[in-house]
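Asks: Sequence and predicted structure are below.
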Amino acid sequence: SPSSDSADTILCTCKKSKCLKLYCQCFSASQMCHGQCRCNTCLNTPDNEKARTLAIQVILSRNPHAFDTKFGLDEKSDPHAEPNKFL
């Protein structure tokens, strides 16, 4: 399978979160799940954009920095560094 950035590929194995919680490595890294993930009942996909966007909005309303420094994405917690990739 063609994958030029395989070192950066994140795979999740979520069982009950539907990949819409910060426990999901893909979701918390601002990525959608893909075919190599081993998750169950996944909603973190382009086909479920409405559910995904709602989950992101709820999480950000509770914690505006929820997606800032998860799983190696370290922007030094600067809220002005880059707009959230989800919205």
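Replies: Here it is on my side, so go on.
Asks: Next, please give the residue ranges for the strands of the protein.
Replies: Here the chain has no strands by DSSP state E.
Asks: Start and end of stretch 36-51, how far apart?
Replies: 21 Å (C-alpha to C-alpha, to the nearest Å).
Asks: how about that stretch: buried residues?
Replies: 37, 39, 42-45, 48 (16 or more other C-beta atoms under 10 Å). For the C-beta atoms, the positions are set from N, CA and C on the backbone; glycine is no exception.
Asks: Please enumerate residues in contact with that stretch?
Replies: By C-beta atoms under 8 Å, 6 or more residues apart in numbering, the surrounding residues in contact with stretch 36-51 are 9, 11-16, 18-20, 24, 26-27, 32-33, 52, 55.
Asks: what number of residues lie near K15?
Replies: Neighbour count for K15, taken as other C-beta atoms under 10 Å: 11.
Asks: Chain neighbours aside, what residue packs nearest to it?
Replies: Among residues not flanking K15 along the chain, N40 sits closest, at 5.3 Å (C-beta to C-beta, 6 or more residues apart in numbering).
Asks: and the buried residues of stretch 36-51 as JSON lines, adding pLDDT?
Replies: Output for these, formatted as JSON lines (pLDDT from 0 to 100):
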{"residue": "C37", "pLDDT": "96"}
{"residue": "C39", "pLDDT": "96"}
{"residue": "C42", "pLDDT": "97"}
{"residue": "L43", "pLDDT": "97"}
{"residue": "N44", "pLDDT": "97"}
{"residue": "T45", "pLDDT": "96"}
{"residue": "N48", "pLDDT": "96"}
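Asks: Return the member of the residues you listed nearest to I59.
Replies: Closest approach between these and I59, by C-beta to C-beta: N44, at 12.4 Å.
Asks: Please name the nearest non-neighbouring residue to the closest one.
Replies: C19 (3.6 Å).
Asks: again with K18
Replies: Nearest non-adjacent residue to K18, counting by C-beta to C-beta, 6+ apart: L43, 4.4 Å away.
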